[in-house]
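[1] sequence first, predicted model second:
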Amino acid sequence: MKVIETVDAFRDARCRAAEPLGLVPTMGYLHEGHLALVRRARADNRTVAASIFVNPTQFAPTEDLATYPRDMEGDLEKLEREGVDLVFAPDSDAVYPAGFDTYVDVGDVANRLEGQHRPGHFRGVATVVCKLLTIVRPDRAYFGQKDAQQCLVIRKLNADLNLGAEIVVVPTVRDPDGLALSSRNAYLKPEERAAALTLSRSLHLAREMYDDGVRDTEEIRSRMQALIESEPGARLDYVSIADAQTLDEFDAIDRPALVSLAVHVGSVRLIDNALLPSRLGAG
Ligand code: AMP
């Protein structure tokens with residue numbers, strides 16, 4: 001496994017790599033969710049590249065960039081074990097050299113949900129993913145359903161700017177009790193981790209109601225909201241039930257829907273989502 005820190009050296013290595021090449025972009029502090037993407041990429045491609053880069057432009061000044069968990073040594077061991085060929089691990093100056101001044105703004109789909117609650121977040125995500133897809137030129141790029149809106153933003157970016165990668169979305173990996181794996185779970189104290197289960201429980205409730213024939217989004221949303229509000233350790237940011245492609249909110253579920261939510265638990269903001277009807281393994 002080669003670990004490469006500069007854009008030029010990565011381009012060089014990429015030229016000599018066997019095709020097809022699959023890319024797994026990450027911000028590091030890797031867990032089984034990230035490794036599910038790596039395994040899928042390993043199964044699909046002759047060369048697997050992963051990137052580890054905590055992207056400063058997707059964090060607001062008030063967010064957790066400085067304290068975002070990092071473990072480069074542990075991450076490299078995990079990637080090596082999964083048979084990754086190339087790791088791109090640039091520092092911030094390699095990606096954003098002095099004078100950098102070009103950003104990518106995806107339209108409508110980036111302006112809802114997380115886009116509303118974290119202004120500028122998807123501008124940072126789209127900019128860095130655009131750069132990664134341009135530097136790495138993967139045949140396929142792998143992203144997690146855990147960040148469902150991010151997947152929609154990246155599909156749009158890839159299509160609109162003709163970046164030419166096949167975007168593969170991998171189902172959310174969860175702990176046995178339902179909590180979606182996230183690098184930010186590392187911040188949770190034991191009692192907060194228990195409160196964090198309210199996210200997956202409320203999604204489970206939505207799925208049960210849907211399976212019982214409920215289609216009224218307000219009815220489902222208010223039951224989810226009540227469940228989250230009954231957990232004293234959790235503070236709801238939003239619950240949304242929206243068209244799974246456009247993220248337009250609707251009154252009755254008459255087409256595939258994305259149920260998504262963001263909840264503060266202690267100092268941590270967690271997101272999770274589910275598709276209705278559930279796509280096999282996509283929850
Ligand atoms: P991050 O390091 O948080 O930027 O995540 C890198 C990639 O891993 C993104 O495509 C995420 O959606 C994906 N990912 C994060 N958590 C999970 C999870 N629990 N299951 C599947 N994919 C995940």
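    Received the coordinates, thanks.

[2] can you list the residues of the stretch 1-150 of the chain near the ligand?
    Within the stretch 1-150 of the chain, the residues that sit near the ligand (CB under 6 Å from any ligand atom) are Thr26, Met27, Gly33, His34, Ala36, Leu37, Phe143, Gly144, Lys146, Asp147. Bear in mind the C-beta positions are built from the backbone N, C-alpha and C, glycine included.

[3] not counting its neighbours along the chain, what's nearest the last one?
    Distances taken as CB to CB, 6 or more residues apart in numbering put Ile271 closest to Asp147, at 7.3 Å, once the chain neighbours are dropped.

[4] again, but for His34
    Thr26 is the one closest to His34 (CB to CB, 6+ apart), at 5.2 Å.

[5] just checking, that neighbour touches Ile52?
    Yes: applying CB atoms under 8 Å, one finds Thr26 in contact with Ile52, separated by 5.7 Å.

[6] returning to that earlier point: pull the contacting residues for the residue nearest to Asp147.
    Glu114, Lys146, Asp147, Leu199, Ser260, Leu261, Ala262, Val263 (CB atoms under 8 Å, 6 or more residues apart in numbering).

[7] and it, what helix or strand is that in?
    strand 268-276 (DSSP states H and E).

[8] gap between that strand and the chain center?
    10 Å (CA atoms, centre = their mean, to the nearest Å).

[9] each with direction, which strands does it pair with?
    Strand 268-276 has its sheet partners listed here by DSSP bridges as strand 257-265 (antiparallel).

[10] residues in contact with the residue in the stretch 101-250 of the chain that the ligand sits nearest to?
    Among all residues of the stretch 101-250 of the chain, Gly144 sits closest to the ligand, at 2.2 Å; criterion: CB to the nearest ligand atom. Contacts for Gly144 (CB under 8 Å, 6+ apart) come out as Gly33, His34, Ala36, Leu37, Cys151, Val169, Val170, Thr172, Val173.

[11] please report how far Asp105 lies from Val153.
    10 Å (CB to CB, to the nearest Å).

[12] what sits in contact with each of the two?
    By CB under 8 Å, 6+ apart, the residues touching both Asp105 and Val153 are Ala126.

[13] higher neighbour count, those two?
    The residue with more neighbours, out of Asp105 and Val153, is Val153; 27 against 12, by other CB atoms under 10 Å.

[14] start to end distance for stretch 22-34?
    14 Å (CA to CA, to the nearest Å).

[15] how about it, which residues are buried there?
    By 16 or more other CB atoms under 10 Å, the buried positions in stretch 22-34 come out as Gly22, Leu23, Val24, Pro25, Thr26, Met27, Gly28, Tyr29, Leu30, His31, Gly33, His34.

[16] which SS state does the most centrally placed residue in the chain fall under?
    Closest to where the C-alpha atoms of the chain average out (CA atoms, centre = their mean) is Asp147, at 3.3 Å. Following DSSP: H, G, I helix; E, B strand; the rest coil, the label given to Asp147 is helix.

[17] ok, Ala159 next?
    What three-state DSSP gives for Ala159 is helix.

[18] got it, and Leu30?
    Put simply, Leu30 is coil when judged by three-state DSSP.

[19] surely it touches Glu77?
    No: between Leu30 and Glu77 there is no contact under CB under 8 Å: 9.5 Å.

[20] for the residue nearest to Asp147, which residues make a bridge with it?
    Under the criterion used (DSSP bridges), Ile271 bridges to Ala262.

[21] pLDDT score assigned to it?
    For Ile271, the pLDDT comes out at 98.

[22] which SSE is Gly74 in?
    helix 72-81.

[23] how far off centre is that helix?
    20 Å.

[24] with Ser200 as the reference, measure out to Leu276.
    15 Å.

[25] those two - which one has more neighbours?
    The neighbour comparison of Leu276 against Ser200 (other CB under 10 Å) goes to Leu276, with 23 against 20.

[26] which residues sit against the helix or strand containing Ser222?
    Applying DSSP H and E as the criterion places Ser222 in helix 217-229. Where contact means CB under 8 Å, 6+ apart, the residues beyond helix 217-229 that reach it are 198-199, 201-203, 205-206, 209-210, 214, 234, 236, 239-241, 249-253, 257, 259, 261, 263.
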